[in-house]
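> I need the structure of the sequence given here:
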Amino acid sequence: MITVIGTGTGAPLSARDTAALTAATLVVGAARHLAAAPVPAGAERITLGPLAPALDRLAAASRPVVLASGDPGFFGIVRALAERFGPEALDVRPGTASVAVAFARIGLPWDDALVISAHGRALRTAVNSCLAHPKTAVLTGPGAGPAELGAALVGTGRVLVVATALGDPDRERVERLTPERAAEREWDAVSVVLCLDPARALAPGQLTVAGGGRAPDRWALAEDAFAHRDSMITKFEVRALALARLGPRTGDLVWDIGAGSGSVAVECARFGAAAVAVEKAADGVDRIRANAAAHGVDVRAVHGSAPEALAGLPEPDAVFIGGGGGGLPAIVAACAPRARRTVVVALAALDRVPAVRAALSGAGLTTDGVLLNAARLAPLPGDVTRLAATNPVFLLWGDRPSDALTEGTPQ
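You can find the predicted model right below:
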């Protein structure tokens, strides 16, 4: 049996945990945990670095103990141990998770927080999650700490709470900073970083499901759910299939190009994705911001024309293009090489279909598409109903092959 003890966030070891340590023949843990625990003089110590050698030694030990941070079953070592030895071989004794301690230090509940691990994972997923959600906890790692998060979040209005050395009476610090200030610092012993939207960090209402990634109750909302000008909005039938092809999710970034009312961007944000809406009309940018606020989501509205306005934007997972006129093929050609997963294009003009498909396939995407002809129920005098046809729309898309996504797609 391998005893796994969660420690390091301030609570003293129980008598039962101390007894397990006293009897241990092998103790594995980070240097700070080994230094703080009453490891017996005769026990072998292994300081965690590469995990594989430690797992091999655990397999051979008679009374092994693993020391881990906080709750080792929460983005911790329990997963690797269970995969190697089986859950039945583990006696897990959790401590308090660093996320729980950090939120307690600032007096906020965290049942509605999204928790993201950036340890050994792409920083962009954490950044996009921070952009999309009002309350996010990021478990950091090398190259994905407060400085890197801060640099990516400059100008967003977010506040970072950096908790370092949680549980250490001499070194613990919990600091609120702007992203700009966090980016200027060098950091050590970071336990967790909280990213907050100050206006929405304390959300009203009762939750049934914990976490910040709840899916919307419905999507492909009717056009009257958005402010728009002269019916210049992606119709809900088109939007439904576009959302299915875009696949927006937590950790993604989606571009909505030629956004108009921003209906696609808003719907992607409701699925938990970070969204950027690019619109050339100034009054359109105002409508996008109003629609995002009305639906309680964050959408970054960019005033400008594609492809020029795309130059400084971070790389997207998915792109929706709903405008562009005669310049549409050039816009698609600019977006397609930068999309990590897919590009979806809505257009009415048959003449532009070949050029759009060529731009998609020229970027290495696998192309497909449909012509959508919808007819809606419409009332007639005499309490009868007719079918009212909407304008036909081509929906084309290009998907990046899965092998290209894993091997060479921008991170």
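
> all helices of the stretch 201-350 of the chain, in order?
For the stretch 201-350 of the chain, the helices defined by DSSP state H, counting those that start in this stretch occupy 236-246, 263-270, 282-294, 328-335.

> With mean pLDDT and mean neighbour count as extra columns, can I get those helices in CSV?
Where you see a C-beta, it was placed from the backbone N, CA and C, and this is true even at glycine. Compiled in CSV, the helices of the stretch 201-350 of the chain are given as follows (pLDDT from 0 to 100; neighbours: other Cβ atoms under 10 Å):
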stretch, mean pLDDT, mean neighbour count
helix 236-246, 97, 20
helix 263-270, 98, 29
helix 282-294, 96, 18
helix 328-335, 96, 21
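
> Spatially nearest residue to the most centrally placed residue in the chain (excluding sequence neighbours)?
What sits nearest the mean C-alpha location of the chain, by Cα atoms, centre = their mean, is residue 251, with 2.1 Å. Nearest residue to residue 251 in three dimensions, chain neighbours excluded: residue 125, at 3.9 Å (Cβ to Cβ, 6 or more residues apart in numbering).

> State the pLDDT value of the nearest residue to residue 336 once chain neighbours are set aside.
Leaving aside its chain neighbours, residue 336 sits nearest to residue 363 (3.4 Å; criterion: Cβ to Cβ, 6+ apart). At residue 363, the pLDDT value in this model is 96.

> ok so, going back, ok, which of the helices of the stretch 201-350 of the chain comes nearest residue 395?
Judged by Cβ to Cβ, the one of the helices of the stretch 201-350 of the chain that comes nearest to residue 395 is helix 236-246, at 5.7 Å.

> Residues touching that closest one, excluding its own?
Residues outside helix 236-246 that contact it (Cβ atoms under 8 Å, 6 or more residues apart in numbering): 219-223, 234, 254, 263-264, 267-268, 271, 318, 320, 342, 344, 346, 370, 372, 374, 390, 393, 395, 397.

> dump the residue contacts of the residue nearest to residue 336.
Residues in contact with residue 363 (Cβ under 8 Å, 6+ apart) are 333, 336-337, 339, 343, 398.

> Please report which of these has the highest neighbour count.
Counting neighbours by other Cβ atoms under 10 Å, residue 343 leads the contacts of residue 363 with 30 neighbours.

> need the contact list for residue 103.
With Cβ under 8 Å, 6+ apart, residue 103 has these contacts: 109-110, 113, 137, 194.

> what about it, which SS state?
Look at residue 103: counting by DSSP: H, G, I helix; E, B strand; the rest coil, its state is helix.

> so how far is residue 113 from it?
To residue 113, residue 103 is 7 Å away according to Cβ to Cβ, to the nearest Å.

> Return every residue with contacts to both of the two.
Common contacts of residue 103 and residue 113 (Cβ under 8 Å, 6+ apart): 137, 194.

> how far does stretch 112-123 stretch from start to finish?
The straight-line separation of the ends of stretch 112-123 (Cα to Cα, to the nearest Å) is 22 Å.

> ugh, wrong one, I meant stretch 34-41
End-to-end for stretch 34-41, by Cα to Cα: 12 Å.

> again with stretch 7-22
One end of stretch 7-22 sits 16 Å from the other (Cα to Cα).
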